[in-house]
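In: okay, sequence plus prediction incoming.
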Amino acid sequence: MKKKKYIASPGYHLQANYDLTKLRQRKERMKKRSVDFGLSLTAMIDMFSTLVIFLLLNFSSTGEAFFINKQVTLPTATHVHPLESGPLISITDKTITLDSQEVGIKGLQVNQNLPLLSDALKKIKSLRSYKNSSQNKLQINLQADENTDVEKIKKVMTLVAQEGFSGINFAVYEGK
Amino acid sequence: MSASGSRYELNLTPYIDLMSTLIVFLLMTAVWNQISVLSAETSPSTENLNPSTQKPVHLSVTITKKYLELNENNFIKKIAHLPNGIDRATLAQNLIQWKKKYPQKTDVTLNSENSTTYKMMIHTFDELVGQKFPDVGVSTR
């Protein structure tokens, strides 16, 4: 009869069914290896290139980065044209500006004249005629808050027409 | 690797610098707000010069505080406003009828009372352009 052995010499790991010798050796070798590694820049350069190409394709060099006053909420319209570069009159409840330069006084009244706006428009007109752009009609861009009274718009439009600007472009957001 | 066996690496630092600068510049100058325009003439809109002896037709839309007034040769039709603004659907139906009646006509005069808002004017203007009346003359009276 074979004698039962109660005490056995322990292996590598008590719970391991198999001693993964190769794996253990590889892990031990990796511990000794140097931590110096190179960062792969390929993905970053790919991403940069794609982003640059996308932004270059969408780049607008015609100065259409339009200054929108914080107090102005433009109305929306569907049947619109692309915005053309030109002088911009901005009408808010507090003031009237032409290309960010204040030309109107607070609380515009119906019978109130706008000498600053008139002078500024005359200057623009003389500059345009100097550039020999007689073939193109004089146009002006106008932006106003959607709740502005039409009375103010009409007042400015009358002045613009008097100064010889034949076209007015109302700035709107494109949408439904 | 070269023929002599030495290894060369391309220096990517200036390239990444250039790309970063370009991306920042382009992002800062990008136009995110798509602003468009509705073009109007300040001068009175010109009637179509028709060689025939037909009486010229005058079409105009007037915005008041309570309703829209459609004027077709002094025949006036009123469209009451909705609580949220002008009744664009009814206006569109009437403009379609005008277009059927006067297919050559492209000009309409847009009048508005002083008490109305810019939003109402733009919405009416938009509807006129949408129903193939692109020559909108905005009256300043």
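Out: Ah, there it is. Numbers count the residues shown, from 1 in each chain, chains lettered A, B, ... in the order given.
In: can you list contacts of whichever helix or strand B:Leu26 is part of?
Out: Using DSSP states H and E, B:Leu26 falls within helix B:13-29. With contacts defined as CB atoms under 8 Å, 6 or more residues apart in numbering or on different chains, helix B:13-29 is touched by A:41, A:44-45, A:48-49, A:51-52, A:55-56, A:59, A:65. Where C-beta positions appear, they are placed from N, C-alpha and C, glycine not excepted.
In: redo that, cut-off 10 Å
Out: Outside of helix B:13-29, the residues within contact range by CB atoms under 10 Å, 6 or more residues apart in numbering or on different chains are A:41, A:44-45, A:47-49, A:51-52, A:54-56, A:58-61, A:65, B:12.
In: list the contacts of the closest residue in space to B:Ile96 that isn't next to it in sequence.
Out: Distances taken as CB to CB, 6 or more residues apart in numbering or on different chains place B:Gln131 nearest to B:Ile96, at 6.2 Å, with adjacent residues excluded. Counting by CB under 10 Å, 6+ apart, B:Gln131 makes contact with A:79, B:91-99, B:108.
In: list buried residues within these.
Out: A:79, B:91, B:94-95, B:98, B:108 (16 or more other CB atoms under 10 Å in any protein chain shown).
In: low-confidence ranges, chain A, go.
Out: Within chain A, the stretches with pLDDT under 70 are A:1-5, A:10-19, A:33-37, A:60-69, A:105-113, A:128-136, A:176.
In: show me what the biggest strand by length in it is packed against.
Out: Scanning chain A for the strand with the most residues, using DSSP state E, yields strand A:167-174. Here strand A:167-174 touches strand A:76-77, strand A:81-82, strand A:88-91, strand A:139-144, helix A:150-162, strand B:35-41, helix B:118-130, going by 3 or more CB pairs under 10 Å, 6 or more residues apart in numbering or on different chains; DSSP states H and E.
In: quick check: which element contains A:Leu51?
Out: helix A:42-57.
In: that helix versus helix B:13-29: what angle between them?
Out: 40 degrees (axes from the mean of the first three to the mean of the last three CA atoms, to 10 degrees).
In: can helix A:42-57 be found next to chain B?
Out: Yes: judged by CB under 10 Å from any CB of the partner chain, helix A:42-57 and chain B are in contact via A:42, A:44-45, A:47-49, A:51-52, A:54-56.
In: restricted to buried residues, select the residues you listed in PyMOL.
Out: A single PyMOL command selects the buried members of the residues of helix A:42-57 next to chain B (16+ other CB under 10 Å):
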select buried, chain A and resi 48+52+55
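In: residues touching the residue nearest the centre of chain B, list them.
Out: Nearest residue to the geometric centre of chain B (CA atoms, centre = their mean): B:Leu38, 3.2 Å. Contact partners of B:Leu38, counting by CB under 10 Å, 6+ apart, are A:75, A:77-81, A:168-172, B:121-122, B:125-126, B:128-129, B:134, B:136, B:138.
In: would you turn the contacts of B:Gln131 into JSON lines with secondary structure and distance to A:Lys31?
Out: Supplementary listing: these in JSON lines, determined by DSSP: H, G, I helix; E, B strand; the rest coil; distance: CB to CB, whole Å:
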{"residue": "A:His79", "secondary structure": "coil", "distance to A:Lys31": "71"}
{"residue": "B:Leu91", "secondary structure": "helix", "distance to A:Lys31": "80"}
{"residue": "B:Ala92", "secondary structure": "helix", "distance to A:Lys31": "77"}
{"residue": "B:Gln93", "secondary structure": "helix", "distance to A:Lys31": "82"}
{"residue": "B:Asn94", "secondary structure": "helix", "distance to A:Lys31": "85"}
{"residue": "B:Leu95", "secondary structure": "helix", "distance to A:Lys31": "81"}
{"residue": "B:Ile96", "secondary structure": "helix", "distance to A:Lys31": "82"}
{"residue": "B:Gln97", "secondary structure": "helix", "distance to A:Lys31": "87"}
{"residue": "B:Trp98", "secondary structure": "helix", "distance to A:Lys31": "86"}
{"residue": "B:Lys99", "secondary structure": "helix", "distance to A:Lys31": "83"}
{"residue": "B:Val108", "secondary structure": "strand", "distance to A:Lys31": "84"}
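In: among the residues you listed, which one sits closest to A:Asp99?
Out: A:His79 (27.0 Å; CB to CB).
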